[in-house]
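>>> Sequence and predicted structure below; questions after.
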There are 2 protein chains.
Amino acid sequence: MAQKELKEFIDNASQIYLSHLSLDCVVFGFHDGQLKVLLLKMKNSDRWSLPGGFIKQAESMETAAIRVLNERTGLDSIFLQQFHVFSDPGRSDNKEKNAHLRRAGIAVPAGHWFMQRFLSVGFYALVDFSTVTPQPDAFSDDCAWWDIGETGQLILDHSRILFKALEVLRLQLHYQPIGYNLLPPKFTMPELQKLYETILGRKLDRRNFHRKILSYEILRPLKEKRQGVAHKAPQLYSFDTIKYQKALKEGLGGI
Amino acid sequence: MAQKELKEFIDNASQIYLSHLSLDCVVFGFHDGQLKVLLLKMKNSDRWSLPGGFIKQAESMETAAIRVLNERTGLDSIFLQQFHVFSDPGRSDNKEKNAHLRRAGIAVPAGHWFMQRFLSVGFYALVDFSTVTPQPDAFSDDCAWWDIGETGQLILDHSRILFKALEVLRLQLHYQPIGYNLLPPKFTMPELQKLYETILGRKLDRRNFHRKILSYEILRPLKEKRQGVAHKAPQLYSFDTIKYQKALKEGLGGI
DNA sequence: TTTTCATTGTGTTGATATGACACAATGTAA
DNA sequence: TTACATTGTGTCATATCAACACAATGAAAA
């Protein structure tokens, strides 16, 4: 977004968006055996932030989040989940906000809509890394994937939001299937295992994992194997979307 | 709260509270082997609502929820958990709001703060039934405990909020200890079991439940037994608060 | 062509947890 | 003293889980 558009956004925001309410998205992707998160680099600064946005006057939180995510990733079918409201009165520090605006070349008056206190609803999204086209927004000049744990200190309380999202994701792993949104349509068992290991932060036994995942009956073995890899060609799988959705709703067997 | 105070509240609300943001609390209690929820009866109406409130300009969501809960129950140490943001643009129907205000004897102009769209953050609270003193608020003339499942149709989307809270509570039961906030300080094993059965909505085996709960090591058997009951006097327990808090944070054993 | 070797696929076994069940102990009330 | 509802605890069969070993595959190296 050009400078002019940014100015326009700031000028009209109070007409279009709800006041003191924002949303921040933790977009998880998976690539090269690493869990990644999509971040934005603030203009003329080396600090990074979570992609976020505001809520239009007559829009639901979910709709707003989908809109933001679509703008940042180009995707329009995204697994989205709200996980926490961050409402600490001290969370949006005006000094820091002002500094970022100044660097972005924008000045806003003291009582401006943007200078209000903001409460933020945290969403996390699971996306297929390979289909994302990262797009910076009006406040940023770069949008890129970062390894979880190598993000450094994000702006405001975004590090805390990221941490909380990861915590919730780990919990969900125990009673919900995962992977459909993070992996390409066809994938191998070792790839799925690596995903689980990365999210949980620990190694899993290959044979036990295989047995356990198959017992959920959410996978369909394909008639093909992955080609062009060194060593034995692994079996390709895809998710059985019907059973996957059912497991999402009803949980995985026991617990 | 008297009529004058209500008028004053409506007049000053926009100065004191954030706009288009509210919170609603699902307060669970346990009594007579039944899971109860605290509800308010709208003035001059037979419809009931969840206790709710608004967020002061410089207050966190949690602080606001604690304030509301304290006003409704008299308690100041409450187990509180936010669980969802309800943001459907159609959720706060102005026709219904107007009707309730009219019945409460209040008229507000069309563009008034109160007539805005509201997004609501849902909290659930677990409280010791016996220590609560239900107090109606400015919009209600009664505050009382209702059996879950006998509440009928609540105002606005409050039935949906209640249902969602129950859903989340059931999920939490699988990886968090529960009971400390719902039971009196001393309780028996059958009482704890009845609580679990009520929340889960199904019978549990007495002997297996006993074994399982004890394996969590969050209970301390007391040197007394419940007196004055027919039949064999049951052993009294209390929660080991240190281990209980630890289990709250770290989850129950495996999963 | 053969060998090497990292990787994939699968079976077994012992330990542990779970669910189904039965019986003895207790204390009030008949 | 007896009846009886309720509490407390033990056992056993079964399911689940963690730990482990070996054969199959196929590209790369020799």
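Everything's here; your move. Everything numeric in this text was worked out from a predicted model, so none of it was measured. Numbering: from 1, shown residues only, chains lettered A, B, ... in the order given.

>>> Which secondary structure element is home to A:Met9?
Actually, residue A:9 is Phe rather than Met. Following DSSP states H and E, one finds A:Phe9 within helix A:3-16.

>>> Give me the buried positions along that helix.
A:6, A:9-10 (16 or more other CB atoms under 10 Å in any protein chain shown). To be clear about C-beta, it is placed using only N, CA and C from the backbone, and glycine gets the same treatment.

>>> Now these in CSV, please, with extra columns for distance to A:Leu75 and pLDDT.
Shown next, in CSV, are those (distance: CB to CB, whole Å; pLDDT from 0 to 100):
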residue, distance to A:Leu75, pLDDT
A:Leu6, 24, 82
A:Phe9, 22, 87
A:Ile10, 27, 87
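
>>> Considering only those, which also neighbour DNA strand D?
Among the buried residues of helix A:3-16, proximity to DNA strand D is found for none (CB under 7 Å from any atom of the strand).

>>> Tell me the one among these nearest to DNA strand D.
Set against DNA strand D, the nearest of these by CB to the nearest atom of the strand is A:Leu6 (49.2 Å).

>>> Local confidence estimate at A:Gln193?
Here the pLDDT value assigned to A:Gln193 is 96.

>>> Settle this for me: it is touching A:Leu204, isn't it.
Yes: counting by CB atoms under 8 Å, A:Gln193 touches A:Leu204, with 6.1 Å between them.

>>> Which one's more surrounded, these two?
The residue with more neighbours, out of A:Gln193 and A:Leu204, is A:Gln193; 17 against 14, by other CB atoms under 10 Å in any protein chain shown.

>>> host element of that one?
Taking DSSP H and E as the criterion, A:Gln193 maps to helix A:189-200.

>>> Quickly check: that helix near DNA strand C or not.
Yes: using CB under 7 Å from any atom of the strand, helix A:189-200 reaches DNA strand C at A:189-190.

>>> Contact partners for A:Leu204?
The neighbours of A:Leu204, taking CB atoms under 8 Å, 6 or more residues apart in numbering or on different chains as the test, are A:193, A:196-197.

>>> repeat that with 6 Å
Contact partners of A:Leu204, counting by CB atoms under 6 Å, 6 or more residues apart in numbering or on different chains, are A:Glu197.

>>> Next: A:Ala64.
Here A:Ala64 is in contact with A:23, A:55 (CB under 6 Å, 6+ apart).

>>> Show me which residues of the stretch 101-250 of chain A sit near DNA strand D.
The interface of the stretch 101-250 of chain A toward DNA strand D, taken as CB under 7 Å from any atom of the strand, is made up of A:205-208, A:212, A:215, A:225, A:227-233.

>>> circling back to that earlier point, could you dump the helix holding A:Gln193 to CSV, C-alpha only?
Only the C-alpha atoms of helix A:189-200 are listed here, as CSV (Å, rounded to 0.1, in the frame of the first residue of the first chain):
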residue,chain,number,x,y,z
MET,A,189,3.7,-40.4,7.1
PRO,A,190,7.2,-39.1,8.1
GLU,A,191,6.1,-35.6,7.0
LEU,A,192,3.1,-35.8,9.2
GLN,A,193,5.1,-37.1,12.0
LYS,A,194,7.6,-34.3,11.7
LEU,A,195,4.8,-31.8,11.9
TYR,A,196,3.6,-33.3,15.1
GLU,A,197,7.1,-33.4,16.5
THR,A,198,7.7,-29.8,15.6
ILE,A,199,4.5,-28.5,17.2
LEU,A,200,5.0,-30.6,20.4
